[in-house]
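J.: just the structure for this:
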Amino acid sequence: MPARRATPRRRTSPASASKCALANSFAGGDPEGARLCWAGHWRIDMSFVEEPVSVGGVKGVTFSDPEVRRCPFPTYHQLRAECPVYQDPVSGNYVLTRYEDVRRAVLNKSLSAKTGVIQTRKSSISDQVDRMYEEQGYLPVDTLVTNDPPSHRHFRVLVDKAFTREKVTGLDPQIEASVAELIESFADEPEIDFFERFAMRLPMTVFTDILGTTDRDLAKFKRWTEMSLESSNPVLTPERELQIVPHVIELQRFLAANAERVMAQPDDSLLSTIANAQVDGRSLTMQELVSILFLLFLAGGETTANALSGGIKLLIDKPELADMIRDDPVKMDAFIEETLRIMAPATVMFRRATEPLTIGDVAIPENAIIETRFGAANLDPEVFPDPEAVNLERPNGRAHLTFGAGIHMCIGNQLARGELRAAFGQLVRRFKNFRASRGEASYEYTTTYVATALRNCGSASTNADRRATGGSRPCVMRSQPRSRSQPRDGWVSPHHATPPANSPVKLGEPS
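T.: Model prediction:
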């Protein structure tokens with residue numbers, strides 16, 4: 001008997017049956033067998049069957065489950081092998097995990113970036129939330145990654161003026177100085193938490209330099225980042241959304257105040273270039289400018305911080321990497337690309353089907369929301385053989401999708417690469433023998449919907465131990481076929497963690 005399916009009822013047209021549209025077998029399933037969901041601007045009534053459905057060994061896994069998001073890699077590999085176009089039973093979103101499917105979706109002009117998931121969020125309480133933004137802050141608008149042509153071009157051309165190669169490379173001396181200052185701040189300490197003391201601080205420091213502000217309240221920036229990331233969860237509850245909005249408005253006001261300053265007194269900062277630029281005789285409104293700065297704040301800070309914490313784990317897992325990249329710029333660049341690919345600091349973006357289409361052998365209806373899972377695509381063994389291994393000779397190392405592709409390619413990708421180059425360059429020259437004294441249990445993984453990253457990880461030290469607080473249950477990345485995931489030549493999968501321990505973290509000595 002064929003497996004029964006969840007059948008979404010939409011305003012536009014009935015969803016086509018998908019062999020991977022699974023049912024109510026997720027943890028905490030709706031006891032009534034039905035749930036109202038919002039897929040962007042389009043309200044969906046998801047009616048679920050009463051019994052769990054299994055298709056090809058895959059049961060109703062959902063990315064709304066924090067435990068799945070904490071360690072999504074086993075799910076990625078299973079879905080890619082057995083159900084590469086998968087309908088999440090809670091959100092109703094179609095999840096893509098194969099590299100070619102993800103890349104084609106990102107480049108497909110019939111898929112809209114206006115999804116109502118990120119920034120211009122649409123939910124059951126949209127009217128109330130919009131009033132809060134209008135009365136207290138700025139109603140978000142679609143500009144860059146959440147916008148489509150032709151209006152996307154206006155914003156992209158304008159922001160491109162601030163991110164020219166000359167302007168970005170001109171920040172290199174400031175970035176190098178910031179890296180040196182951060183390292184010096186803990187060089188004599190016995191232990192540090194690498195994420196808290198370095199990975200989070202560097203991109204936030206760079207962002208404040210871009211703004212031209214002296215405000216370095218990192219605790220505030222971290223809170224804004226965490227709240228903003230959480231707001232991108234497609235299954236966010238109305239109650240939680242109302243709790244998050246005031247924090248986003250606070251960030252908006254901070255960004256607007258800095259924009260007003262450089263509009264009144266222009267300077268040579270990237271912020272001033274954006275705030276005062278014109279395209280076709282038109283400048284940005286404050287509403288548009290704040291929406292763009294919000295995206296730059298979120299993407300620039302979180303992506304780089306996650307890549308830094310992921311990269312230090314690779315150096316801990318495979319100590320010989322530090323010697324390989326220390327004095328070889330080519331290998332350093334390769335290491336950065338492998339870090340971005342394997343650790344995938346930004347793991348998913350969203351698209352909306354503007355017309356019915358088929359991906360693989362799955363029919364996707366108009367207005368369906370599609371998740372392009374970069375974190376899964378980057379580990380596709382059909383494209384990246386032995387995908388978990390750091391291979392500094394990998395011929396297609398820059399083909400990863402961490403920064404997206406096409407017209408929505410991350411505008412700050414060269415800035416992020418510059419920060420990673422400066423950071424790892426100084427770290428491996430200053431220290432050696434990076435190590436975690438709790439072993440893999442030194443690491444704690446985030447559970448945000450759009451990012452999978454390490455928190456509470458240890459780092460380099462001078463002559464003494466460093467502590468990384470926290471710990472987590474095992475997170476094992478295993479590709480298909482299974483043999484690829486086995487340790488080889490002392491290599492341990494970068495997403496592997498053992499159960500928590502109470503030992504301190506010991507991580508390095510002067511180079």
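J.: now for the nearest residue to Phe335 once chain neighbours are set aside: which residues touch it?
T.: Nearest non-adjacent residue to Phe335, counting by C-beta to C-beta, 6 or more residues apart in numbering: Ile325, 4.8 Å away. For the C-beta atoms, the positions are set from N, CA and C on the backbone; glycine is no exception. By C-beta atoms under 8 Å, 6 or more residues apart in numbering, Ile325 lies in contact with Lys331, Met332, Ala334, Phe335, Leu392, Phe424, Val428.
J.: 6 Å - rerun?
T.: Neighbouring residues of Ile325 by C-beta atoms under 6 Å, 6 or more residues apart in numbering: Lys331, Met332, Phe335.
J.: contacts for stretch 212-221, please.
T.: With C-beta under 6 Å, 6+ apart as the contact definition, stretch 212-221 has outside contacts at Arg201, Met204, Thr208, Asn258, Ser269, Leu271.
J.: in helices, which of those residues fall?
T.: Members of the contacts of stretch 212-221 lying in helices (criterion: DSSP state H): Arg201, Met204, Thr208, Asn258, Leu271.
J.: any idea which of the residues you listed is closest to Asp172?
T.: Closest to Asp172 out of the ones in helices among the contacts of stretch 212-221 is Thr208 (16.8 Å), distances taken as C-beta to C-beta.
J.: quick one: that closest one and Leu270, what's the gap?
T.: 12 Å (C-beta to C-beta, to the nearest Å).
J.: of the two, which one has the most company?
T.: Leu270 (25 against 18; other C-beta atoms under 10 Å).
J.: who are the contact partners of the more buried one?
T.: With C-beta under 6 Å, 6+ apart, Leu270 has these contacts: Ala162, Ile210.
J.: repeat that with 7 Å
T.: Residues in contact with Leu270, defined by C-beta atoms under 7 Å, 6 or more residues apart in numbering, are Ala162, Lys167, Ile210.
J.: top of the contacts of Ile325 by number of neighbours, please.
T.: Phe335 (25 neighbours).
J.: quick check: that one is in a strand.
T.: No - counting by DSSP: H, G, I helix; E, B strand; the rest coil, Phe335 falls outside a strand, being helix.
J.: who's in contact with it?
T.: Counting by C-beta under 7 Å, 6+ apart, Phe335 has contacts Leu321, Ile325, Leu392, Phe424.
J.: what does Pro246 give?
T.: Neighbour list for Pro246: empty [criterion: C-beta under 7 Å, 6+ apart].
J.: quick check: the spatially most central residue of the chain vs Ala305, distance?
T.: Taking C-alpha atoms, centre = their mean, the centroid of the chain lies closest to Ala346, which sits 2.0 Å from it. Per C-beta to C-beta, Ala346 is found 11 Å from Ala305.
J.: do Glu338 as well
T.: For Glu338, the distance to Ala305 equals 18 Å [C-beta to C-beta].
J.: same check, this time on Ser269
T.: When Ser269 is compared with Ala305 (using C-beta to C-beta), they lie 21 Å apart.
J.: quick one, helices of the stretch 151-300 of the chain?
T.: With DSSP state H, counting those that start in this stretch as the criterion, the stretch 151-300 of the chain has helices at 151-160, 165-169, 172-186, 194, 201-211, 218-230, 238-264, 270-276, 286-317.
J.: ugh, wrong one, I meant the stretch 351-500 of the chain
T.: Under DSSP H, counting those that start in this stretch, the stretch 351-500 of the chain gives helices at 374-377, 413-430.
J.: picking that back up, which of the contacts of Leu270 has the most neighbours?
T.: Going by other C-beta under 10 Å, Ile210 tops the contacts of Leu270 with 25 neighbours.
J.: list the contacts for it?
T.: Ser269, Leu270, Leu271.
J.: repeat that for Arg394.
T.: Arg394 neighbours (C-beta under 7 Å, 6+ apart): Glu338.
J.: leaving out sequence neighbours, find the closest residue to Pro319.
T.: Per C-beta to C-beta, 6+ apart, closest to Pro319 is Asn433, 6.3 Å.
J.: gap between the closest residue to Val61 other than its chain neighbours and Gly375?
T.: In space, Val61 comes closest to Thr75 once its chain neighbours are excluded; the distance is 5.6 Å by C-beta to C-beta, 6+ apart. Using C-beta to C-beta, we find Thr75 at a distance of 10 Å from Gly375.
J.: ok now stretch 164-174, how far from the chain's centre?
T.: Centroid displacement of stretch 164-174 relative to its chain, using C-alpha atoms, centre = their mean, to the nearest Å, is 24 Å.
J.: enumerate the positions of that stretch that are buried.
T.: Lys167, Val168, Leu171 (16 or more other C-beta atoms under 10 Å).
J.: CA atoms only: put it into PDB for me.
T.: Taking Å, rounded to 0.1, in the frame of the first residue of the first chain, the C-alpha atoms of stretch 164-174 are listed here in PDB:
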ATOM      1  CA  THR A 164      34.200  47.700  -4.300                       C
ATOM      2  CA  ARG A 165      37.400  45.700  -4.200                       C
ATOM      3  CA  GLU A 166      39.300  48.900  -3.400                       C
ATOM      4  CA  LYS A 167      37.100  49.800  -0.400                       C
ATOM      5  CA  VAL A 168      37.100  46.300   1.000                       C
ATOM      6  CA  THR A 169      40.800  45.800   0.700                       C
ATOM      7  CA  GLY A 170      41.300  49.200   2.200                       C
ATOM      8  CA  LEU A 171      39.800  47.800   5.400                       C
ATOM      9  CA  ASP A 172      42.600  45.200   5.600                       C
ATOM     10  CA  PRO A 173      44.900  47.300   7.900                       C
ATOM     11  CA  GLN A 174      42.000  47.900  10.300                       C
END
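J.: contacting residues around that stretch?
T.: Asp209, Leu270, Gln414, Leu415, Gly418.
J.: spatially, which two of those residues are the most separated?
T.: The widest separation within the contacts of stretch 164-174 (C-beta to C-beta) is 15.7 Å, between Asp209 and Gln414.
J.: with neighbour numbers in mind, choose between the two.
T.: Neighbours were counted for Asp209 and for Gln414 using other C-beta under 10 Å; Asp209 has more, 18 against 15.
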